[in-house]
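Participant: how would this look folded up:
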Amino acid sequence: MAVSPELEGLRRIAPSRFVSFAFPNPFLGHASNPYGDGSGGDGDAGECVRVAVLDSPLPSPAVPPTAAMLVPAGQHRDWIFSTRAGHLHLLLSTTRFSRLILVGPELSAPSPRVVSCVRRPDPDPAHARLLPLLLALCPMAAFRDNAVPDVPLLTFQDDLLRLAPIKFIAGPVVGEMVVEDVAIDCSPGPAEWRRRLRFKRMPCLVQTQVRLCQSPAAAAAASSPLLEAPEGSGELLQPEVGGSLVQPYLQAMVAGLAVTAPSIEESIRSGVRPRCLCAGVGGGSLLMSIRMGLQFDVLGVEADGVVLDVARNHFGLVEDEFLHVHVGDAIQMIEDFAQQGEPDMNFSAIMVDLDSSDAMCGVSAPPLEMTHGNVLLWVRTILHRHGVLILNVIPPPADRSFYKGMIDVLHQVFSELFEIDVGNGENFVVIATVSPIETTVTGDSGHFLTELRKLTGDFLEHIRKI
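Facilitator: Next up is the predicted model:
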């Protein structure tokens with residue numbers, strides 16, 4: 001049988017190469033079928049399955065290891081499993097593999113409106129049905145010394161119980177995005193509904209996540225429990241506004257304000273609201289939290305106006321005299337403020353929650369230009385003398401030197417640096433101060449620290465000096 005040159009090339013690892021093709025369905029009519037009627041509603045997934053192969057952008061060892069993953073039932077159209085960017089994140093989340101093979105229904109196969117995310121037992125009996133295909137897709141170097149390589153079948157792990165897309169929309173800067181309601185397993189506590197925002201260019205990164213509660217109309221009608229909400233649940237559920245932050249890295253960013261707590265406390269006592277510039281708005285949960293929970297005067301800057309519309313319509317972002325949002329480039333705005341030298345641009349904090357626009361480097365934050373020395377000097381210029389820069393940092397998997405290099409540049413511009421390890425294996429929060437810090441956070445409160453603890457869990461105890 002003739003083999004296409006594209007598939008012939010899979011005999012060797014080629015960094016970042018991505019190939020997808022249809023293959024006769026090895027599960028058709030078999031008991032091990034992961035896409036049968038009892039596990040997601042995909043029927044037999046058709047006569048063919050979609051096979052996608054991605055080679056890692058990282059250097060490969062002499063014997064390059066290969067792994068495979070079955071697309072979870074009902075989620076084959078999700079961008080995590082249907083795009084190169086999603087595939088890359090899955091591969092880079094475990095850097096010990098040089099090639100990752102995804103197998104799932106073809107993208108033309110129907111998917112349910114609401115997906116029940118059922119975990120398959122491990123080990124998966126489908127592995128044996130797939131093994132001949134997986135071995136055929138291993139690079140030749142994996143068979144060194146006539147050894148048969150082990151191709152493990154990885155399992156996609158998350159905390160989702162149900163997933164219901166609410167709206168797909170596209171913005172001129174971020175491209176396609178999806179608003180979706182999800183039921184989250186919060187064991188040992190009860191499960192809860194949340195609303196999420198994701199971008200297609202980085203589908204594995206949840207841009208915004210807020211808790212949902214029943215709308216007054218649904219509560220008055222004594223409708224179904226939240227976890228049994230029917231299709232179209234977006235009409236029955238509404239976002240909690242100004243409540244505690246759901247995403248741990250946002251809690252850690254707010255915790256960074258503790259470093260300048262004495263200055264903020266003094267400002268509040270004098271009747272002056274502390275000011276915060278948020279570079280990156282997303283769904284607006286960070287802005288609403290510090291506006292309502294900490295009584296800050298907040299200015300948010302978002303590159304895409306459609307994202308702001310989504311934040312207003314689906315995530316509860318409300319602008320008022322103490323919360324303003326602006327469409328534009330946050331770095332350019334920081335430069336403009338620095339060059340204008342206006343006294344009212346004297347921020348107590350600048351929070352940067354911007355991810356890299358280069359999805360092919362994997363999920364990373366902040367964008368490289370944010371760490372340039374001249375940009376950091378502009379930031380320092382518009383900060384109060386006791387102000388802080390707070391950065392959400394996700395080091396790119398393909399560049400192990402990024403974090404150290406960023407810390408070195410920050411040390412050159414700012415007086416002191418602090419770090420919070422969010423504990424999820426991805427995010428770090430870095431806090432840079434304009435002036436030396438005389439005291440550290442203690443159990444002694446003051447009103448501001450008391451309110452801060454309500455929003456940040458135990459992250460105040462995780463601040464360490466770099």
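Participant: domain assignment for this protein?
Facilitator: Structural domains annotated on the chain: 5-29+45-154, 160-239, 248-465, as defined by the TED database.
Participant: ranges for the helices of this structure?
Facilitator: Counting by DSSP state H, the chain forms helices over residues 5-8, 79-82, 84-92, 126-136, 216-220, 248-255, 261-269, 285-293, 305-314, 330-340, 373-381, 402-413, 447-456, given from the N-terminal end onward.
Participant: per-stretch mean pLDDT over the ones you listed, give me the minimum one.
Facilitator: In terms of mean pLDDT, the lowest-scoring of those is helix 216-220 (a mean of 54).
Participant: Just to check, Val393 is in contact with Ala432?
Facilitator: No - in terms of Cβ atoms under 8 Å, Val393 does not count as a neighbour of Ala432; the distance is 11.4 Å. C-beta coordinates here come from the backbone N, C-alpha and C atoms, glycine included.
Participant: Looking at these two, which is more packed in?
Facilitator: Ala432 (26 against 22; other Cβ atoms under 10 Å).
Participant: The more buried one contacts Leu417, correct?
Facilitator: Yes - counting by Cβ under 8 Å, Leu417 is a contact partner of Ala432 at 5.4 Å.
Participant: so what's in contact with the two at the same time?
Facilitator: Overlap of the contact sets of Ala432 and Leu417 (by Cβ atoms under 8 Å, 6 or more residues apart in numbering) consists of Leu410.
Participant: ok, the nearest residue to Leu286 once chain neighbours are set aside - contacts?
Facilitator: Of all residues beyond its chain neighbours, the one nearest Leu286 is Leu250 (5.2 Å), with distances taken as Cβ to Cβ, 6 or more residues apart in numbering. Residues counted as contacts of Leu250 (Cβ under 8 Å, 6+ apart) are Ser285, Leu286, Ser289, Asp353.
Participant: so how far is Arg275 from the first one?
Facilitator: To tie it back to what came earlier, the one meant is Ser285. Plainly put, Ser285 is 19 Å away from Arg275 if you go by Cβ to Cβ, to the nearest Å.
Participant: ditto for the second one
Facilitator: Using Cβ to Cβ, Leu286 is found at 15 Å from Arg275.
Participant: who's more crowded, those two?
Facilitator: Neighbours around Leu286 and Arg275, counted as other Cβ under 10 Å, are more numerous at Leu286. The numbers are 26 against 22.
Participant: my read: that one touches Met351, true?
Facilitator: Yes - taking Cβ under 8 Å as the definition, Leu286 is a contact partner of Met351 at 6.9 Å.
Participant: Now rank the contacts of Leu250 by neighbours and give me the top one.
Facilitator: Using other Cβ under 10 Å as the neighbour criterion, Ser285 leads the contacts of Leu250 with 29 neighbours.
Participant: My guess is that residue contacts Phe315. True?
Facilitator: Yes - counting by Cβ under 8 Å, a contact exists between Ser285 and Phe315, whose distance comes to 6.7 Å.
Participant: Can you work out which residues contact both of the two?
Facilitator: Taking Cβ under 8 Å, 6+ apart as the contact rule, Ser285 and Phe315 both touch Thr208, Val210.
Participant: now the contacts of Leu250 in CSV, with distance to Ala68?
Facilitator: Below are the contacts of Leu250 laid out as CSV (distance: Cβ to Cβ, whole Å):
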residue, distance to Ala68
Ser285, 36
Leu286, 38
Ser289, 41
Asp353, 34
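Participant: check contacts around Arg312.
Facilitator: Contact criterion Cβ under 8 Å, 6+ apart gives Gly284, Val318, Glu319 as the residues in contact with Arg312.
Participant: Now do the same for Met304: its pLDDT.
Facilitator: Careful, residue 304 is Asp and not Met. The pLDDT attached to Asp304 in the predicted structure is 96.
Participant: Report how many residues lie close to it.
Facilitator: A count of neighbours around Asp304, defined by other Cβ under 10 Å, yields 18.
Participant: And it, its phi and psi?
Facilitator: Dihedral angles phi and psi of Asp304 (degrees, to the nearest 10) take the values phi -120, psi 120.
Participant: hey, where'd the strands end up in the stretch 1-150 of the chain?
Facilitator: In the stretch 1-150 of the chain, the segments counted as strands under DSSP state E, counting those that start in this stretch are 18-24, 48-55, 66-70, 99-105, 115-116.
Participant: Sheet partners, orientation included, of the third one?
Facilitator: This means strand 66-70. Pairing partners of strand 66-70, with direction, according to DSSP bridges: strand 99-105 (parallel), strand 153-154 (parallel).
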